[in-house]
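Engineer: based on what follows, work out the 3D shape:
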Amino acid sequence: KSNEILRLNLILNNLVDSLPNVIQDDTLVNPRHLSDDKKTIKLFDYIVSNPPFNTDFSETRDALAGEGYKKRFFAGVPNIPNKKKESMAIYQMFLQHIIVSMKKGSGKAAVVVPTGFLTAATGIPLKIRQHIVDNKMLRGVVSMPSNIFANTGTNVSVVFLDAAGTKDDKVLLVDASNMGTKVKLEGTKNQRTYLSQEEMDTIVSTMNELKETDDFSVLVSLEDITNKKYSFSAGQYFKVKIEYVDLTPEEFQQKMAGYEKQLKEYFIEGHKLEEEILKGLGELKYE
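Structural biologist: Predicted coordinates:
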């Protein structure tokens with residue numbers, strides 16, 4: 001079914017030249033896009049992918065963890081959970097497949113990932129991020145607003161890779177999570193977030209120009225990322241700004257008096273709450 005929808009999508013978008021490339025098979029186990037000698041996977045100049053995040057691939061998991069696949073799945077293969085096999089993090093497999101499918105020295109890729117991937121402290125996600133940084137393949141990252149996709153409520157980000165190398169060892173991290181307008185879907189309790197054309201243009205121009213904007217985008221070095229345990233999250237690199245305000249002695253005393261009054265009110269409220277809790281405990285009876 002998905003294969004037919006993809007073909008229809010290509011036809012509707014006047015991309016019929018790509019129809020021969022649509023092949024139905026298991027890309028992880030049996031990739032069909034191979035080199036001319038059929039011995040290795042084909043390498044591409046450009047890859048754009050929105051891979052599935054969670055899918056049960058327990059039947060092929062052990063085979064994919066075998067020696068024949070180690071070069072492609074360099075960071076490892078997710079284990080099978082005791083419950084909810086459908087929660088297996090298959091996106092980690094596709095991301096590794098994409099990385100090794102990029103043309104050496106020139107290939108570029110844009111991949112949608114769960115935002116949790118950006119900061120996962122252990123396991124396969126960390127190993128993949130380390131591989132990307134150590135091989136200077138990271139071009140940038142954009143963290144998107146929640147509910148940006150119709151088929152998932154998972155927060156997502158887009159990771160941009162460049163096999164040509166990270167320019168000047170600098171990477172642009174963008175936090176676009178506060179962008180967009182939330183719209184409730186008719187007839188449901190769900191809502192979608194829509195980006196305006198202006199917002200999309202802002203993201204694109206910011207990425208292309210490597211532009212830094214307070215609390216939105218930050219330019220960091222690969223060394224900075226390494227020191228932050230390979231975190232790809234823009235928020236962890238934003239500078240904390242402290243604003244100093246000159247006060248007269250009278251203004252200072254006025255502010256302190258206000259804080260003292262507010263604190264006393266909190267103390268009074270706290271004592272009342274303590275008395276109510278103690279009273280409630282005293283009224284409890286064993287039955």
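Engineer: which parts of stretch 180-196 are buried?
Structural biologist: For stretch 180-196, burial by neighbour count (16 or more other Cβ atoms under 10 Å) applies to 180, 192-193, 195. Yep, even glycine has a C-beta here, placed from its N, CA and C like the rest.
Engineer: how far is it from where the chain is centred?
Structural biologist: A distance of 20 Å separates the centroid of the chain from that of stretch 180-196, by Cα atoms, centre = their mean, to the nearest Å.
Engineer: ok, stretch 117-131 next?
Structural biologist: With Cα atoms, centre = their mean, you get 11 Å for stretch 117-131.
Engineer: could you dump it to CSV, C-alpha only?
Structural biologist: Listed next in CSV are the C-alpha coordinates belonging to stretch 117-131 (Å, rounded to 0.1, in the frame of the first residue of the first chain):
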residue,chain,number,x,y,z
PHE,A,117,18.0,11.6,19.8
LEU,A,118,19.9,14.9,20.1
THR,A,119,20.7,14.5,23.8
ALA,A,120,20.5,10.8,24.6
ALA,A,121,23.3,10.2,27.0
THR,A,122,24.0,6.5,26.2
GLY,A,123,23.6,3.8,23.7
ILE,A,124,23.3,3.8,20.0
PRO,A,125,22.1,7.5,19.6
LEU,A,126,25.3,8.7,21.4
LYS,A,127,27.5,6.4,19.3
ILE,A,128,25.9,7.8,16.1
ARG,A,129,26.3,11.4,17.2
GLN,A,130,29.9,10.7,18.2
HIS,A,131,30.6,9.2,14.7
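Engineer: in that stretch, which of the residues would be classed as buried?
Structural biologist: Buried-residue list, stretch 117-131, by 16+ other Cβ under 10 Å: 117-120, 124-129.
Engineer: now do that stretch: everything it contacts.
Structural biologist: By Cβ atoms under 8 Å, 6 or more residues apart in numbering, the residues outside stretch 117-131 that reach it are 74-78, 89, 91-92, 95-96, 99, 116, 137, 141, 143, 157, 159, 229-233, 236.
Engineer: go again using 10 Å as the cut-off
Structural biologist: Stretch 117-131 is contacted by residues 53, 73-79, 89, 91-93, 95-96, 99, 111, 113-114, 116, 137-138, 141, 143, 155-157, 159, 173, 225-226, 228-236 when judged by Cβ atoms under 10 Å, 6 or more residues apart in numbering.
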